[in-house]
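Undergrad: I would like to see how this sequence folds:
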Amino acid sequence: MIRPPRIWISNATPKKGEKVRVRAQTTHRMETGLRSDDSGKTILRNIVNKFEASLGGQKLFVWNPEISVAIDPYIEFVFVASKSGTLSMVWTDDAGKTQTAARELKLS
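TA: Modelled structure (predicted):
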């Protein structure tokens, strides 16, 4: 069973204009395409190749990892709180599979 992404937000009720730090980690094997299985067959590349974060439908951050990123990729980013809404995060891999996480952010 795949563990859901882990999310930490520095402040879920920030004041308008306050910086908010987000830490997020998802579970993913991150196969580079450079390894072989026990029979010698190359394991196909399958890495998380895109991460997107948005708040209330407005894109905050996009990251396109490369093959040097380790298993279970971790990311940390900061943004300035300008409105309340759902902070949504989506990880997409080479196979087209996605993992999602969301947290509510409410301006105080």
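
Undergrad: which SSE is the residue of the chain most remote from its centre in?
TA: Relative to the centre of the chain, and counting by CA atoms, centre = their mean, the farthest-placed residue is S39 at 32.9 Å. Per DSSP states H and E: S39 is located in neither a helix nor a strand.

Undergrad: So what's the gap between whichever strand or helix holds V22 and the chain middle?
TA: Assigned by DSSP H and E, V22 belongs to strand 19-25. A distance of 10 Å separates the centroid of the chain from that of strand 19-25, by CA atoms, centre = their mean, to the nearest Å.

Undergrad: neighbouring contacts of it?
TA: Strand 19-25 is contacted by residues 5-11, 14, 53, 72-81, 87, 89, 101, 105 when judged by CB atoms under 8 Å, 6 or more residues apart in numbering. To be clear about C-beta, it is placed using only N, CA and C from the backbone, and glycine gets the same treatment.

Undergrad: so where's the chain shaky on pLDDT?
TA: Where the chain drops to pLDDT under 70, the residues are 1.

Undergrad: From I47, how far off is D37?
TA: To I47, D37 is 17 Å away according to CB to CB, to the nearest Å.

Undergrad: go on, R21?
TA: 25 Å.

Undergrad: quick one: which of these two has more around it?
TA: For R21 versus I47, the count of surrounding residues by other CB atoms under 10 Å is larger for I47: 21 against 12.

Undergrad: Quick one: residues contacting that one.
TA: 28, 30-32, 65-67, 69, 93-94.

Undergrad: Got a quick ChimeraX command for the buried subset of those residues?
TA: Buried subset of the contacts of I47, written as a ChimeraX selection, criterion 16 or more other CB atoms under 10 Å:
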select :28,30,31,65,69,93
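
Undergrad: JSON lines for the contacts of I47, including secondary structure?
TA: JSON lines is the format used below for these (DSSP: H, G, I helix; E, B strand; the rest coil):
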{"residue": "H28", "secondary structure": "coil"}
{"residue": "M30", "secondary structure": "coil"}
{"residue": "E31", "secondary structure": "strand"}
{"residue": "T32", "secondary structure": "coil"}
{"residue": "P65", "secondary structure": "coil"}
{"residue": "E66", "secondary structure": "coil"}
{"residue": "I67", "secondary structure": "coil"}
{"residue": "V69", "secondary structure": "coil"}
{"residue": "D93", "secondary structure": "strand"}
{"residue": "D94", "secondary structure": "coil"}
